[in-house]
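I'll drop the sequence and a predicted model, then ask my questions.
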Amino acid sequence: MVPAALQDGLQSEAVVWACLAVIFLLLAIWALRRPHPSTNAKWPSMRDEVTKTISTDTVSTSTGSDSPCSSSSDQASVVTCWALKDFFAPCMGGVSSDAPRPAVSTRGWNVEYKFGYSRSKLYSTTFTPVKEDMGRLIQVAIPDPAKHEEVSSKLCRLRQLAEGLPGSGWVQPQDVRVLLRFLMARQLNVEKALEMLQNVLTWRQQNGVSNTLPMWDKALHERFDRYFKCIAFTGNDLDGDPVIVERCGKVHAASLGKCSEEFLKRHVTYTAECVLASMERNRQEHLKNGSPRGFQFTVIIDLEGIDMSFADRRLIALSKALGRIEADNYPEVLKRVIVCRAPWFFPAFFQMIRPFMDPGTVAKILVPKAGRDTRETLLRHVHANAVPEELGGCLQNDVQLIPPGGVVPQELIDRTFHK
């Protein structure tokens with residue numbers, strides 16, 4: 001699907017549907033151009049066994065000394081694997097039901113560390129307002145130094161107006177980091193930022209979101225994590241902020257579309273809460289070292305395997321509904337998006353919708369060309385040890401942090417309809 005980071009910048013429904021119509025046409029042309037799967041089709045495969053050891057919070061990935069995977073003072077061979085608007089819309093456009101599947105071992109996938117920290121740590125994360133240097137935080141979050149004084153003034157005003165509002169999970173109204181997210185999401189408009197904050201608190205109360213990690217059916221969500229979303233925290237970017245890799249082509253759109261929509265909404269919420277819990281723990285680690293990093297994360301979206309299965313009107317509507325949950329209730333967590341191995345028509349499509357998008361959103365999205373340009377773009381922003389091997393990095397497939405995806409079993413589909 002089109003990432004929410006892209007969807008959010010569009011000005012109107014008419015533009016959205018016009019762009020989708022163009023996509024369908026391009027996809028039809030692409031489908032005719034594709035070779036038949038039986039003609040020398042080769043799929044990448046992972047080893048049947050995980051040969052790397054995953055300890056409490058780290059993954060070892062050592063390589064040769066002449067590659068970007070070599071250890072150095074700035075890029076060790078041990079990746080910290082703690083180390084969404086703003087996530088991206090659920091990538092539901094995976095392979096269709098009759099398409100060939102990669103031979104992927106699922107035995108080694110590490111369900112425990114999908115979000116970087118162990119599940120027990122995520123579920124026990126507590127949120128309280130944290131005192132941190134506002135000036136240093138603003139320097140990290142706002143690239144333009146000319147705006148720092150204005151942001152600081154408005155942030156203080158927003159904190160005064162938010163005084164007395166109840167906290168809910170990561171949404172702590174007296175935490176400057178939280179308030180800065182809402183202020184940035186509303187282009188530094190204090191009144192609109194306050195309104196958004198109040199709306200999010202209301203949504204969380206009405207849906208019991210503050211109890212997501214401690215009280216929801218975690219066993220069911222953990223099992224569903226194998227199939228959706230196919231994301232994982234893989235390490236850090238060059239600034240020390242977290243990196244998430246998402247493989248959209250691993251999601252089986254047809255079987256996912258058979259699941260309960262209500263459950264999928266809850267699972268998207270569960271995923272977002274895990275991400276924010278992971279970011280909070282990362283924040284605490286940075287603060288111990290006197291650093292304000294960890295405010296936002298980089299997303300590497302791998303579109304390899306995307307095909308016609310996402311060109312379904314119902315799935316498009318479902319994806320937009322799920323994307324709105326993240327866009328409306330988890331603001332400004334996204335630092336940048338790097339779109340890799342996109343279908344041949346994607347760059348042209350991106351250029352087409354670009355004029356209708358918010359400039360701030362456009363600035364966060366990078367769409368490198370396939371091959372060398374992809375590798376160079378990724379390594380310009382992200383440590384090689386956090387980039388999968390197939391994208392030019394050093395994170396080996398043996399270390400199966402990213403869920404394998406695939407067809408959702410019928411038994412699990414049925415369970416999504418149970419209250």
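Received it, and whenever you're ready, just let me know what you need. From a predicted model like this one, the values you see are computed outputs, not experimental measurements.

name the helix or strand for Ile300, please.
Per DSSP states H and E, Ile300 falls inside strand 297-302.

quick check: mean pLDDT across that strand?
The average pLDDT for strand 297-302 rounds to 96.

now it, how far from the chain's geometric center?
Put simply, strand 297-302 sits 6 Å off its chain's centre (CA atoms, centre = their mean, to the nearest Å).

for stretch 208-215, the distance to its chain's centre please.
20 Å.

ok, and what's touching the strand holding Ile300?
Strand 297-302 is contacted by residues 3, 84, 87-88, 91, 237, 241-249, 275, 279, 333-341, 378, 381-382, 387-388, 391 when judged by CB atoms under 8 Å, 6 or more residues apart in numbering. C-beta here means a position set from N, CA and C on the backbone, and glycine is covered the same way.

that one pairs with which strands, and in what direction?
According to DSSP bridges, strand 297-302 forms sheet pairs with strand 242-247 (parallel), strand 334-340 (parallel).

so which bits of the longest one are buried?
Of the residues in strand 334-340, those buried by neighbour count under the rule 16 or more other CB atoms under 10 Å are 334-340.

sorry, back to before: out of the strands paired with strand 297-302, which is closest to Val130?
Val130 sits nearest to strand 242-247 of all these, at 17.4 Å, using CB to CB.

for that closest one, buried residues please.
242-247.

and the nearest residue to Asn329 once chain neighbours are set aside, what element?
Excluding its sequence neighbours, the residue lying closest to Asn329 (CB to CB, 6 or more residues apart in numbering) is Val200, at 5.1 Å. Val200 is part of helix 190-207 when elements are defined by DSSP H and E.

next one: Phe349
Here Phe349, judged by DSSP H and E, is contained in helix 346-353.

residues near Gly208, how many?
Neighbour count for Gly208, taken as other CB atoms under 10 Å: 12.

cool, Ala363 as well?
By other CB under 10 Å, neighbour count at Ala363 equals 11.

alpha carbons only: can I get stretch 395-404 in CSV?
Taking C-alpha atoms only, stretch 395-404 is exported to CSV below (Å, rounded to 0.1, in the frame of the first residue of the first chain):
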residue,chain,number,x,y,z
LEU,A,395,22.6,-7.6,8.6
GLN,A,396,22.5,-11.3,7.5
ASN,A,397,19.4,-13.2,6.8
ASP,A,398,20.4,-15.7,9.4
VAL,A,399,19.6,-13.1,12.1
GLN,A,400,15.8,-13.3,11.5
LEU,A,401,14.6,-10.2,13.2
ILE,A,402,12.1,-9.4,10.5
PRO,A,403,8.9,-11.6,10.5
PRO,A,404,8.7,-14.0,7.6
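
quick check, pLDDT for Ser12.
43.

ugh, wrong one, Ile325
For Ile325, pLDDT reads 94.

go on, Pro102?
We have a pLDDT of 40 for Pro102.

what about stretch 123-132, distance to the chain center?
For stretch 123-132, the distance to the chain centre is 22 Å (CA atoms, centre = their mean).

which residues touch that stretch?
Outside stretch 123-132, the residues that touch it by CB under 8 Å, 6+ apart are 167, 169-170, 172, 174-177, 213-214, 218, 277, 280-281, 283-284, 287, 292.

ok, 10 Å please
117-118, 159, 167-179, 210, 212-216, 218, 273-274, 276-281, 283-284, 286-287, 290-292 (CB atoms under 10 Å, 6 or more residues apart in numbering).

can you give me the buried ones in it?
For stretch 123-132, using 16+ other CB under 10 Å, the buried residues are 123, 125, 127, 132.

and it, average pLDDT?
Per-residue scores along stretch 123-132 average to 93.

what's the pLDDT at the nearest residue to Leu366 once chain neighbours are set aside?
The shortest distance from Leu366 to any non-neighbouring residue, by CB to CB, 6+ apart, is to Ile338 (4.8 Å). With respect to pLDDT, Ile338 has a value of 96.

who touches Ile338 in this structure?
237, 243, 245, 298-302, 364-368, 374, 377-378, 380-382, 387, 391.

are any of those buried, and which?
237, 243, 245, 298-302, 364-368, 374, 377-378, 381-382, 387, 391.

if we can go back for a sec, against which helices or strands is the helix holding Phe349 packed?
helix 4-7, helix 13-33, strand 334-340 (3 or more CB pairs under 10 Å, 6 or more residues apart in numbering; DSSP states H and E).

which strands or helices does the next helix or strand after that helix pack on?
Next helix or strand after helix 346-353 toward the C-terminus (DSSP H and E): helix 359-363. Packed against helix 359-363 by the contact rule (3+ CB pairs under 10 Å, 6+ apart) you find helix 4-7, strand 334-340.

buried residues, the helix holding Phe349. List them.
Quick answer for helix 346-353 (16+ other CB under 10 Å): 346, 349-350, 353.

what mean pLDDT does it have?
For helix 346-353, the per-residue pLDDT averages 76.

do the same with stretch 202-212
96.

using CSV, write out every CA atom in it.
Once non-C-alpha atoms are left out, stretch 202-212 reads as follows in CSV (Å, rounded to 0.1, in the frame of the first residue of the first chain):
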residue,chain,number,x,y,z
THR,A,202,-10.0,10.8,24.5
TRP,A,203,-9.4,8.1,21.9
ARG,A,204,-7.0,6.3,24.2
GLN,A,205,-9.6,6.4,27.0
GLN,A,206,-12.5,5.2,24.8
ASN,A,207,-10.5,2.3,23.4
GLY,A,208,-8.6,1.3,26.6
VAL,A,209,-5.3,1.9,24.8
SER,A,210,-3.3,2.6,28.0
ASN,A,211,-4.0,-1.1,28.9
THR,A,212,-2.7,-2.4,25.5
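
give the buried residues for that stretch.
Result for stretch 202-212 [16+ other CB under 10 Å]: buried residues 203-204, 209-210, 212.

as a markdown table, these with distance to Phe417 would be great.
As requested, those are exported to a markdown table (distance: CB to CB, whole Å):
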| residue | distance to Phe417 |
| --- | --- |
| Trp203 | 23 |
| Arg204 | 24 |
| Val209 | 21 |
| Ser210 | 25 |
| Thr212 | 20 |
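
which of those lies closest to Asp328?
Trp203 (7.5 Å).

measure how far the biggest helix by length in the chain is from the centre of its chain, please.
Longest helix in the chain by number of residues (criterion: DSSP state H): helix 261-288. Here helix 261-288 shows a centroid-to-chain-centroid distance of 10 Å under the convention CA atoms, centre = their mean.
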